[in-house]
Every structure is written in structure tokens, then in C-alpha cells.
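**Student:** Sequence first, predicted model second:
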Amino acid sequence: MSITGNTGIGTNTPKSRLSVSDGVAIGQTYASNYAAPDNGLIVEGNIGIGTNTPKSRLSVSDGVAIGTTYASTNPAPANSLIVEGNIGIGTNNPQDKLSIKGGALSFYHPDNAYAYVGFDYDKTIDALRIRANVGSTSLNTDYITIKRT
């Protein structure tokens, strides 16, 4: 099939090479078994933006901007992520710019494969710990422990 100009599915006035009115389902199983949300898109396989060999559900080459204002006005630096709002790891309700639930935050030295400073919460003693790697395998020395009084 060869088409010159714009093609519309569900519209008589396509403004792009391919314009689709309503939802789109992509993939053998999705297209046959699921309805896309109104004016939405569902994709069964991996998606590549800026790459033709996506290895993950979403593979993006270059920068990513997330947020109502950021996405339309602030270009992300190359190979970076900028986020307008809070980020949650292990939580769907982050209360701070970065909220981490259920784990430690570790910082690595560029020449050492092991974390050399880490922050974690020890619920057995109800304390925040700042730990360091003085050996070569793990965060194994508590330098500061902050306990609730």
C-alpha cells in the first residue's frame, strides 16, 4: 500500500502523516483482546524513543523531562532526567522531593565497586544510621546513629 499525504483513521481531516481519533492498541495480543483507553495508547512490546533497539519496556536515548511545565518548556540535558514534583521509590505517595521506602540510599566511589557511604533505617533500634565501607565488601561500620528519644 502506498499513500501520499496524510492518512486519518476515525477522522476526515488528518493533520499528520498518520492521525488516529480515539484509542490505539499495538501488539498481536493487545490489538486482538484489549480496548485502548479513550484517546490513549496501549503497547504490548518494548517502546524505543530515539533508539531502534529498545531493550526495556521503555528505552529512551538522550534526556527525559517529566511534569506539566518541564515537559513542554524545559529540555532535559543529554542522558539526564529532570522531574517536576516529587519522586517516590517504594512508595506511590512521596512527601518530599525524594522519598525512599524500604531500603538504603548508597553513594559509590567512582573507583570502588562497593558503596562507601550509605543511609538506612534500622527498625530494630528505631534509628537512622549513616554507615561507611572501611573494608571491601559492604557498608560495615556505623559512624552516626540517630535514635528517637
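**Tutor:** Thanks, I have the structure now. Numbering: from 1, shown residues only.
**Student:** from here on, contacts and neighbour counts on C-alpha atoms
**Tutor:** Noted.
**Student:** Distance from the strand or helix carrying Gly118 to the middle of the chain?
**Tutor:** According to DSSP states H and E, Gly118 maps onto strand 115-122. How far strand 115-122 lies from its chain's middle: 23 Å, per CA atoms, centre = their mean, to the nearest Å.
**Student:** Contacts for it next, please.
**Tutor:** When contacts are defined by CA atoms under 8 Å, 6 or more residues apart in numbering, strand 115-122 is touched by residues 103-109, 127-134, 138-139.
**Student:** Toward the C-terminus, what is the element adjacent to it?
**Tutor:** strand 127-132.
**Student:** and the closest residue to Asp22 other than its chain neighbours, which of the three is it?
**Tutor:** Distances taken as CA to CA, 6 or more residues apart in numbering place Asn39 nearest to Asp22, at 4.2 Å, with adjacent residues excluded. At Asn39 the chain is in coil, as set by DSSP: H, G, I helix; E, B strand; the rest coil.
**Student:** ok, now Ser59?
**Tutor:** Classified using three-state DSSP, Ser59 is strand.
**Student:** Setting aside sequence neighbours, what's the nearest residue to it?
**Tutor:** Gly48 (4.9 Å).
**Student:** Flag the shaky bits of the protein, pLDDT-wise.
**Tutor:** 1, 113-115, 134-140, 142 (pLDDT under 70).
**Student:** all strands in it, in order from the N-terminus.
**Tutor:** Along the chain, the segments classed as strands by DSSP state E run 7-9, 18-20, 24-26, 41-43, 47-49, 58-60, 64-66, 81-83, 87-89, 98-100, 105-108, 115-122, 127-132, 141-147.
**Student:** hang on, the earlier thing: from what I can see the residue nearest to Asp22 touches Ser19, true?
**Tutor:** No: taking contacts as CA atoms under 8 Å, Asn39 lies outside contact range of Ser19: 11.5 Å.
**Student:** Those two: which has the busier surroundings?
**Tutor:** Ser19 (16 against 10; other CA atoms under 10 Å).
**Student:** How about the contacts made by the nearest residue to the more buried one once chain neighbours are set aside?
**Tutor:** Excluding the flanking residues, the one nearest Ser19 by CA to CA, 6+ apart is Gly8, at 4.8 Å. Gly8 sits next to Pro14, Leu18, Ser19, Val20, Ser21 when contact means CA under 8 Å, 6+ apart.
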